[in-house]
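# how would this look folded up:
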Amino acid sequence: MGAVARCGAFDLRASLPSSSTGCPSRAGYRRTSDPVVLGELTGFLAARTATRTERSTAAFDQAVAWLRREKVLLPGVSLVTRLVAEARAEANERLFSLLSDRVPSGLASRLDALVDSAVEGRVSGLEELRRAPVRASGPEMVKALERVGEVTAVGASTVDLAGIAPGRLDVLTRHGRSTDENTLRRMPERRRRATVFATVASLQVSSVDDVLDLFAVLMATKLIGPATRAAVKDQIRSLPALRRASVTLASAAKVLLEVAEQDEQGKQIDAAAVWELLRTEGMRERLMKAVQVVEEFSPFDEDDPTLEQVELVKRYATVRPFLSMFASTLPLRSTEAGASLLQAVRGLGALVGRKRVERSEIVDDVVGGAWRRLIFSDPVADGPVDHRAYTLCVLEGAHRALRRRELFAEGSTRWGIRGCSCLTGSPGSTFA
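Model prediction:
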């Protein structure tokens, strides 16, 4: 009974009735030396380690709790420790065997090649896939999209993972993503194949998340932010000219107000004299110039494009490299509200490099407000459109829609909708 005090800080003798302290079996307690009891404990640990990812110390505490709950005399600490270690090792071997057996031969060859092959003699193919983008730029966006295509081409999504605890797979994934390639090569074949498969399967999700994270940063820091700052600078530079124009217009308005006041008093107005007042010291030329300045910097129509939108179109070269790959590589889906925008995003690749794009080739529904003046030469009639302005209009809308989840990536953890796979293709589904 000395081991009892060390195991879970539990004194069994204090829990036994005083009349039966000398014979625990009379109080209904069993011993682990009984094969039935040992089998039950082993089964409990096997079931727990197969479905949970707890540490060995937590599994040890759960085993002690089971012994107390089932009225079993606590054995020595070494016995419980050995049973926990054996259960964890058997659970790992079952997971390795299950995953390895479900991987088809073609996929197995590709997984082995990822670990064995080296790029320029430096790193393996798996290490290249594990490297996430680090800079916000158009070329980096292209590399990130190519990474998504390479991970998808491995084909890990074709394996059926039914009956495998997600937590156990996550632990294997974390181990695979943090283990160097040399350690992976030295692993037994089943363990190596299962570890590499779990890593690639997780990369298929995280690589899409990385692309959309990069897209959000790119839009905010390289496009929208700089365009807004440039527009503010233009507005600040225009303030002196607007001030001078306002003074000139105020002088002319003062003359006209004085004439209007004379008219209200019933005095006869001499049009020639009024005109002479306006013509003094080159007032006419100054008035025309002032009107031009005000019209340039202060548009009167609410549908006129803003300075931010004009500056945004100037940054088309930043997004041009990845337009043809953006929609074709990513598993983008949409709610009913974002269906037109998703169609527009999918069509951006066909507009790259074109000199002339007709209005019938774009999605008119996503163009609204001030963008119409920038995109359409005639807002009403058909004709050529500015595909650069249209592209930035669509990408700006996609940037907002992704945050509202009107657009989302299927299966994504950061840019997806939980449970959307259950609705895909179902009758009455609102997902496109």
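# For the rest of this, base every contact and every neighbour count on C-alpha atoms.
Noted.
# Now residue 151: closest residue in space, sequence neighbours ignored.
residue 204 (5.8 Å; C-alpha to C-alpha, 6 or more residues apart in numbering).
# Can you get me a residue count around residue 60?
Residue 60 has 21 neighbouring residues, counting by other C-alpha atoms under 10 Å.
# hang on, I meant residue 340
The burial count for residue 340: 17, using other C-alpha under 10 Å.
# swap in residue 188?
10.
# Check it and give its pLDDT.
Among the per-residue scores, residue 188 holds a pLDDT of 91.
# Tell me who's in contact with it.
Contacts here follow C-alpha atoms under 8 Å, 6 or more residues apart in numbering; on that basis residue 188 touches nothing.
# how close does it sit to residue 100?
The gap separating residue 188 from residue 100 is 11 Å, by C-alpha to C-alpha, to the nearest Å.
# go on, residue 346?
Residue 346 is 37 Å from residue 100, by C-alpha to C-alpha.
# Comparing these two, which residue is more hemmed in?
More neighbours surround residue 100 than the other of residue 346 and residue 100, with 20 against 17 (other C-alpha under 10 Å).
# Contact partners for that one?
Taking C-alpha under 8 Å, 6+ apart, we find residue 100 in contact with 190, 191, 193, 194.
# pretty sure the first one is touching residue 96, no?
Yes - under the contact definition of C-alpha atoms under 8 Å, residue 190 touches residue 96, with a separation of 5.7 Å.
# So which of the two has more stuff around it?
Neighbours per residue (other C-alpha under 10 Å) separate residue 190 from residue 96, with residue 96 holding more: 20 against 16.
# Now for that one: which residues touch it?
190, 191, 193, 194, 195.
# would you list the residues you listed in JSON lines and tack on secondary structure?
Shown next, in JSON lines, are the contacts of residue 96 (DSSP: H, G, I helix; E, B strand; the rest coil):
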{"residue": "190", "secondary structure": "helix"}
{"residue": "191", "secondary structure": "helix"}
{"residue": "193", "secondary structure": "helix"}
{"residue": "194", "secondary structure": "helix"}
{"residue": "195", "secondary structure": "helix"}
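# Of these, which is the most crowded?
residue 195 (28 neighbours).
# Could you find the closest non-adjacent residue to it?
Residue 195 sits nearest to residue 176 (C-alpha to C-alpha, 6+ apart), 5.5 Å away.
# gap between residue 333 and residue 342?
7 Å.
# can you list residues touching both of these two?
Joint contacts of residue 333 and residue 342 (C-alpha under 8 Å, 6+ apart) are residue 407.
# Need the nearest residue in space to residue 198, chain neighbours excluded.
Distances taken as C-alpha to C-alpha, 6+ apart put residue 173 closest to residue 198, at 5.1 Å, once the chain neighbours are dropped.
# now the one you found: how far from residue 201?
Noted for residue 173: a distance of 8 Å to residue 201, by C-alpha to C-alpha.
# Could you point out which residue ranges in the stretch 1-150 of the chain have low pLDDT?
Where the stretch 1-150 of the chain drops to pLDDT under 70, the residues are 1-27, 117-122.
# mind running it again at 90?
Within the stretch 1-150 of the chain, the segments meeting pLDDT under 90 span 1-29, 31-33, 50-54, 74, 112-128, 131-138.
# Show me where it has its helices.
Under the criterion DSSP state H, counting those that start in this stretch, the stretch 1-150 of the chain contains helices at 2-6, 12-15, 35-51, 56-69, 77-102, 105-116, 125-130, 138-154.
# Can you add distance to residue 236 and give the ones you listed back as TSV?
What follows is those, written out as TSV (distance: least, C-alpha to C-alpha, whole Å):
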stretch	distance to residue 236
helix 2-6	77
helix 12-15	82
helix 35-51	63
helix 56-69	64
helix 77-102	63
helix 105-116	56
helix 125-130	46
helix 138-154	30
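# Tell me which of those lies nearest to residue 414.
Of all the helices of the stretch 1-150 of the chain, helix 138-154 sits nearest to residue 414, with 15.6 Å by C-alpha to C-alpha.
# residues of the helix or strand that that closest one is followed by that come out buried?
Counting by DSSP states H and E, the next helix or strand C-terminal to helix 138-154 is helix 166-178. Under the neighbour-count criterion of 16 or more other C-alpha atoms under 10 Å, helix 166-178 has 168, 169, 172, 173, 176, 177 buried.
# Stretch 30-43 too?
Neighbour counts over stretch 30-43 (16+ other C-alpha under 10 Å) mark 30, 31, 32, 37, 41, 42 as buried.
# what are the phi and psi angles of residue 378?
When read as degrees, to the nearest 10, the backbone of residue 378 gives phi -130, psi 110.
# Please report how far it lies from residue 355.
To residue 355, residue 378 is 18 Å away according to C-alpha to C-alpha.
# Same drill for the two, tell me which one is more crowded.
Set residue 378 next to residue 355 and count neighbours by other C-alpha under 10 Å: residue 378 wins out with 13 against 9.
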